[in-house]
Structures are given as C-alpha cells and as structure tokens.
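A.B. asks: Kindly return the folded structure for what I paste below:
(chains A, B, C and D)
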There are 2 protein chains.
Amino acid sequence: MRKPHLATANLAKIIEAVLKLSSRQGFHETSLRDLAKVSGLSMGGLYSYFDNKNTLLVMILTEVSETVEAVLRDVPDGIAETPVEHLRWLIETHIRLTEAMQPWFVFAYMEAKGFPAPARVLATESELRTERIFSDVLQRGVAQGVFAVEDVNLTAALIKPLLQDWYVKRAKYRKRGTPIQTYIDGVIGFVERAIAKK
Amino acid sequence: MRKPHLATANLAKIIEAVLKLSSRQGFHETSLRDLAKVSGLSMGGLYSYFDNKNTLLVMILTEVSETVEAVLRDVPDGIAETPVEHLRWLIETHIRLTEAMQPWFVFAYMEAKGFPAPARVLATESELRTERIFSDVLQRGVAQGVFAVEDVNLTAALIKPLLQDWYVKRAKYRKRGTPIQTYIDGVIGFVERAIAKK
DNA sequence: ATAAAAAACGAGCGCTCGCTCGATTTTCGC
DNA sequence: GCGAAAATCGAGCGAGCGCTCGTTTTTTAT
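C.D. replies: As a prediction, the model looks like this:
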C-alpha cells in the first residue's frame, strides 16, 4: 500500500474504473480481473494501491461524504443570514454537486448497504449530517418567521430524497430530457411552497 | 419446475428466506446454500421451485409491480371524483402498502439494477406506471382548478421519492421513532401545500 | 402390505472469485 | 552504462459459487 489518500494517477484510474464497472453491474459483481483490464493495471498491480476490495469501497464512501460536507458548509458570504436564500443555495448546490460527481454518488447510495458495518455507518452518518444542515436552516427560517414548518426534522427528511432522486433515477430524467435547471427550479419551487408562511 | 406462480408452502418459504437474506447482504451475495439452509430445503429441492437464481428475482419483481398496480387502481367509490381526496388516498395507500410488504419493496428497489435487462425493464416500467397514476390525478386537479401545478410530470416525479423514502430509509425512521401516520400526514401536508391553488 | 410415483436430498462438477508471490520490467542515481 | 531499488506483472492457490443428477425418502393408490 502506497498512499492512504487518492493521489497517484493509477489510483485515479482504478477508481474511475470501479465507478464505471459498478454502475453497470454493481460493486460485488465487478471482479478484480475486470477492474485490472479496464484500469490498465495487472491483478497484482492493483494491490499496490489498496489492501483489499472492501477498502476500495470505503475509500470512495469517505471521499463522497467528505466532499458533500465540505461543499455544503462553504456557504457564500451574505447567504447564510437569509434562510430563504440559504435553502435555495443548499438545494441547487447539492443537486449540482451530485450531478458533477454522479458516478460517485450512485456508487455510495447503491453499494453502501449489505457491507461491513463500518462502511454502512459511514454512509448513514453522512446522510444524517447533511440532513442536519437542512434542518438548521429550516429552524432559523421558522425563528425568523419566514417559514411555517410544523416538524422541522421530518421536513428536512423529506427534502433529502428530492435531492437524491436526480442522481438515483438519472436515466429516467435523461430519457425525458429534463434539464438540470428545470429539475432544480422544480425542487426549489416545490419545497418553498410547502414551507412558505402564508 | 412445478408451478409458474407462487402457490405451494415451500415456494413461500423460499421467497421469505430470499427476502430476509437479501435484505442483510444483497441478492447476489446470498448463496443457494444459505437459501437452502434458511428455507429448510436442500440445494436440489430449491430447483423444483425455480429454474435458476435469476428467475427468483424476476418472480419477486413481478409480484411487487403487479400488487402495486392492482392496489393503487382499486380506488374506493366516490374518491376518484375528487382529486384532493384521490391524491390523499393514493399517498396513504402507497405508503401503507410498502410498509406491509416492506421486504418485497426494498428488494425490488435495491436489487433491480445490475441485472439482466428484462428484470430492469420490468422495474422501470412499473415505476413509470405508478407515476402515471399520480400525474393523472394532478392533471384532473388542475383541470378542475383545485391544484396549481406548472409541470404535472415533474411534480409526479417528485412525489414518488417521498413515498419511497419510508421503506428505503426505514431504519432511519425506526430509530427516530416516527410513526407511519406521522409520516403519511407529513407527506400529504407537504405535497398539498406545494400544489395548492392559493 | 406393497409397489409405483413424487418429492427431496446433497456430494460433486466446472468455473470464477479475491488474493499472493516469485519473476520480470522500469526507473533512476552515479 | 550499469546495478540496485521500485514498480508491475500474471499464473496459480484455496474457497465458494450456481447448478446437476443418481440416490434416498416420502407419499399415494390399491
């Protein structure tokens, strides 16, 4: 094992290959022989970059959850004070991030379960932290009297799957020709009407 | 192969076992030896009830999609005329159905992908038909002037993941102690405010 | 009670899996 | 240009897979 973090070009190739193959057939069904072929390394060569197959899964899961955390917490100046704008920014940023890193997110979402406890815990906690970011904004909006939300936690929980649907069912939206901006505006409008103080 | 449809007690046991094992570790990782052990049959005995492992998957997928279709189309008298009531009934019925058949739905949702094209097509088409049921009601509500919806198809697409979240993330809601009625009311309220004519 | 039919069994087949390790190739300081 | 160190290779290992099939057990009819 050379590096704990993804640095070398080869590791990048390996991850690109595992995301590509897993999206077609699932992670478990992706053999290291296929992975070697697509990444351009040999069977043995792969093992210079990770300890075992599960490590690969954990690496990707970690990268995804850290990226989400980092991006969503990096709120532009002057946005965080206004809950309406902050929420809009969170929705748009989340959807655009998952679009840019779609294979990563599909992988993390679809492959997390049925795996060693540590990996599953990682995914679960990441989901909860993201939800917290949303419920915090909702809470502030309620406190400022701009949102009317009965159950802040449940509402945050309901917003989450709206964001995830874009990458989970990406094929459906692609077939329909829905542009990402239409989807983003649709979600923002849907959510804002649902929580607006009338 | 004895019967094409699930009739005998043994086939019921097999399906119960495969749902149980798959929910823990995924369908592919469930070996026929494990399945034999849990279902109480022998390796060879299993093959009296299905042709091969993939057939099992298709059987379950078919059962789920046919059940959804049948249940959601069986609208009680006097409901279908009022879009608001019809939509409410659809949401509640869908969530309660997936709760009652939770292992079946989780299986269909999580295992459909990465499988032979026919099985995937089955799942995709079922999803689309369900969505049609919702978009039809929305359309009628708009026509009657009780709903204000810009894009009926997009809105139906956004309602779907709200229904699915209850079984996809069942563990989260269980840990939180959210009762199913709270969830149902939450979704109905959320959706109704989002599409209400103001 | 018995024999034919039906159902259930499980060791064994061919195959692919994740992973290893000695051999080979590439890199690089001098 | 050379030799040691680093990187890469891929045949081979044991394990476990889906599936088969000759055998045994159970059921059924007389």
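A.B. asks: Spatially nearest residue to residue A:39 (excluding sequence neighbours)?
C.D. replies: Of all residues beyond its chain neighbours, the one nearest residue A:39 is residue A:17 (3.9 Å), with distances taken as C-beta to C-beta, 6 or more residues apart in numbering or on different chains. The C-beta positions use only the backbone N, C-alpha and C, and glycine is treated the same way.
A.B. asks: quick one: that neighbour and residue A:31 touch, right?
C.D. replies: No - contact between residue A:17 and residue A:31 fails when scored by C-beta atoms under 8 Å: they sit 11.7 Å apart.
A.B. asks: between the two, who's got more neighbours?
C.D. replies: More crowded of residue A:17 and residue A:31, by other C-beta atoms under 10 Å in any protein chain shown: residue A:17, with 20 against 13.
A.B. asks: can you tell if the helix or strand harbouring the more buried one touches DNA strand C?
C.D. replies: Element membership for residue A:17, per DSSP states H and E: helix A:9-25. No - with C-beta under 7 Å from any atom of the strand as the criterion, DNA strand C is not reached by helix A:9-25; the gap is at least 9.6 Å.
A.B. asks: so, in contact with DNA strand C or not, whatever helix or strand comes next after that helix?
C.D. replies: Counting by DSSP H and E, the next helix or strand C-terminal to helix A:9-25 is helix A:32-39. Yes - Helix A:32-39 is in contact with DNA strand C by C-beta under 7 Å from any atom of the strand, via A:32-34.
A.B. asks: From those residues, list the ones also adjacent to chain B.
C.D. replies: When contact is defined as C-beta under 8 Å from any C-beta of the partner chain, those do not meet chain B at all.
A.B. asks: Need those residues in JSON lines (columns: pLDDT and neighbour count).
C.D. replies: Converted to JSON lines, the residues of helix A:32-39 next to DNA strand C look like this (pLDDT from 0 to 100; neighbours: other C-beta atoms under 10 Å in any protein chain shown):
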{"residue": "A:32", "pLDDT": "96", "neighbour count": "16"}
{"residue": "A:33", "pLDDT": "96", "neighbour count": "11"}
{"residue": "A:34", "pLDDT": "96", "neighbour count": "15"}
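A.B. asks: Tell me the one of these nearest chain B?
C.D. replies: Proximity of those to chain B, judged by C-beta to the nearest C-beta, is greatest for residue A:34, which lies at 13.3 Å.
A.B. asks: give the contact list for the closest one.
C.D. replies: Applying C-beta atoms under 8 Å, 6 or more residues apart in numbering or on different chains, we find residue A:34 in contact with residue A:21.
A.B. asks: what about 10 Å?
C.D. replies: Taking C-beta atoms under 10 Å, 6 or more residues apart in numbering or on different chains as the definition of contact, the neighbours of residue A:34 are A:17-18, A:21, A:24-25.
A.B. asks: Equivalent analysis for residue A:131, please.
C.D. replies: Contacts were defined as C-beta under 10 Å, 6+ apart; by that measure residue A:131 touches A:153, A:156-157, A:159-160, B:172.
A.B. asks: most centrally placed residue in chain A?
C.D. replies: Centre of chain A computed as the mean C-alpha position; nearest residue by C-alpha atoms, centre = their mean is residue A:105, 4.4 Å away.
A.B. asks: pLDDT on the strand or helix carrying that residue, on average?
C.D. replies: Using DSSP H and E, residue A:105 sits in helix A:102-111. Along helix A:102-111, the predicted confidence averages to a pLDDT of 91.
A.B. asks: Stretch A:59-73 too?
C.D. replies: Looking at stretch A:59-73 alone, the average pLDDT works out to 92.
A.B. asks: Stretch A:84-94 too?
C.D. replies: For stretch A:84-94, the mean per-residue pLDDT is 98.
A.B. asks: picking that back up, for the contacts of residue A:131, which entry has the maximal number of neighbours?
C.D. replies: Among the contacts of residue A:131, residue A:159 has the most neighbours (other C-beta under 10 Å), with 27 neighbours.
A.B. asks: Past whatever helix or strand it lives in, which element shows up next along the chain?
C.D. replies: According to DSSP H and E, residue A:159 maps onto helix A:152-168. Once helix A:152-168 ends, the next helix or strand along the chain (criterion: DSSP H and E) is helix A:170-176.
A.B. asks: Next, work out how far apart the residue nearest to the centre of chain A and residue B:162 are.
C.D. replies: From residue A:105 across to residue B:162, the span is 19 Å (C-beta to C-beta, to the nearest Å).
A.B. asks: Who are the contact partners of the closest residue in space to residue A:88 that isn't next to it in sequence?
C.D. replies: Here the nearest residue to residue A:88 in space, its sequence neighbours aside, is residue A:188; by C-beta to C-beta, 6+ apart that works out to 5.5 Å. Contact analysis of residue A:188 by C-beta under 10 Å, 6+ apart lists A:84, A:87-92, A:95, A:162.
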